[in-house]
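Undergrad: Here is a sequence with its predicted model. Questions after.
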Amino acid sequence: MKHKPLKSDLSVRGIQNLRKQLVDYKNNVLQQKVDLLAKRLAEKGVAIAQTNIATYDAIFTGELISSIEARYGGSTKVSAVFYVVADSRHAVFVEFGTGQLGLEGSYPYPFPEGVEWNYNTGKTIFEIENGQYGWFYPAEDGTWRFTQGMPSRPFMYETAVELMTEIAKTAKEVFG
C-alpha cells in the first residue's frame, strides 16, 4: 500500500492543495496503515508464540497452540489495537508453571501488573512418602498419575519481547 508522494508548487494555491492532501492522508491513508501495522504485528505475534510453544516442547494435545490467535481490539483516528491471545484454559499454567517443578523453575520475569502466582499450594497438593510434593490426576487410560507440576515456559512474555524487535521493520514495510 504505497502512497503517492505529495507534490505542490510554492504558490498560495499550491500550499493550500498540499494542506488538503495532508489532511486527506491523515484522515484516510494514515488510519489504514496504522490498522495494517497493528494487524501485521499481531499476525507475527501469533507465529512467534506458536514457535515458542513448540520450542518449549509444550505441545501435549495441540489445543494450546491452536488456540493462539490475533484479535482486533478497536481503533481511533491514529491508533489501532490488536491482541495476541492464547485462548486455552491451561495457557496460564504453561506460562507461569505449577507445583513443585514450577517453584524450582519459576517464572523468570516480573509478573504482569495485577498478577499474583503461588507455586505448590492448593487443597490437592500433598507430600508423598519419598518427600515429593504434588497431586494425582486421572489419566485418559482410567488410571491415576502423580505429578509435581511443570516449570514455567514463558512463551507469551518472550513473544512480546521478540515482537518488539519487529516493530520498526514492519512499520517500514507498511509505511514504505
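TA: Thanks, I have the structure now.

Undergrad: From now on I want contacts and neighbour counts done on CA atoms only, so please keep to that.
TA: Will do.

Undergrad: so A86 touches S67, yeah?
TA: Yes - contact criterion CA atoms under 8 Å: A86 and S67 qualify, at 5.5 Å.

Undergrad: residues making contact with stretch 151-167?
TA: Applying CA atoms under 8 Å, 6 or more residues apart in numbering, the contact partners of stretch 151-167 are 41, 44-45, 48-49, 52-53, 56, 58, 93-98, 101-108.

Undergrad: Can you select the buried ones among those for me in PyMOL?
TA: Only the buried entries of the contacts of stretch 151-167 go into this PyMOL selection, using 16 or more other CA atoms under 10 Å:
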select buried, resi 41+44+45+48+49+52+53+58+93+94+95+96+97+98+101+102+103+105+106+107
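
Undergrad: Show me where this structure has its helices.
TA: Applying DSSP state H to the chain gives helices spanning 12-24, 30-55, 63-66, 91-96, 99-104, 155-164, 167-175.

Undergrad: Lowest mean pLDDT across these, which one is that?
TA: Per-stretch mean pLDDT for those is lowest at helix 12-24 (a mean of 81).

Undergrad: Taking helix 30-55 as reference, get the angle to that one.
TA: 40 degrees (axes from the mean of the first three to the mean of the last three CA atoms, to 10 degrees).

Undergrad: Buried residues of helix 12-24, list them for me.
TA: N17, L18, Q21.

Undergrad: again with stretch 130-144
TA: Using 16+ other CA under 10 Å as the test for burial, stretch 130-144 gives Y133, G134, W135.

Undergrad: Start and end of that stretch, how far apart?
TA: 18 Å (CA to CA, to the nearest Å).

Undergrad: quick one, domains of the chain?
TA: With domains defined by automatic domain parsing, the chain comprises 10-88+153-176, 98-152.

Undergrad: quick revisit: including distance to W117, could the buried residues of helix 12-24 go into CSV?
TA: Converted to CSV, the buried residues of helix 12-24 look like this (distance: CA to CA, whole Å):
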residue, distance to W117
N17, 58
L18, 56
Q21, 53
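
Undergrad: Identify, from the residues you listed, the entry nearest to G122.
TA: Of all the buried residues of helix 12-24, G122 sits closest to Q21, with 62.7 Å by CA to CA.

Undergrad: how about that closest one, what does it touch?
TA: Counted by CA under 8 Å, 6+ apart, Q21 has contacts L6.

Undergrad: Distance check, it against F175.
TA: For Q21 relative to F175 (CA to CA), the value is 17 Å.
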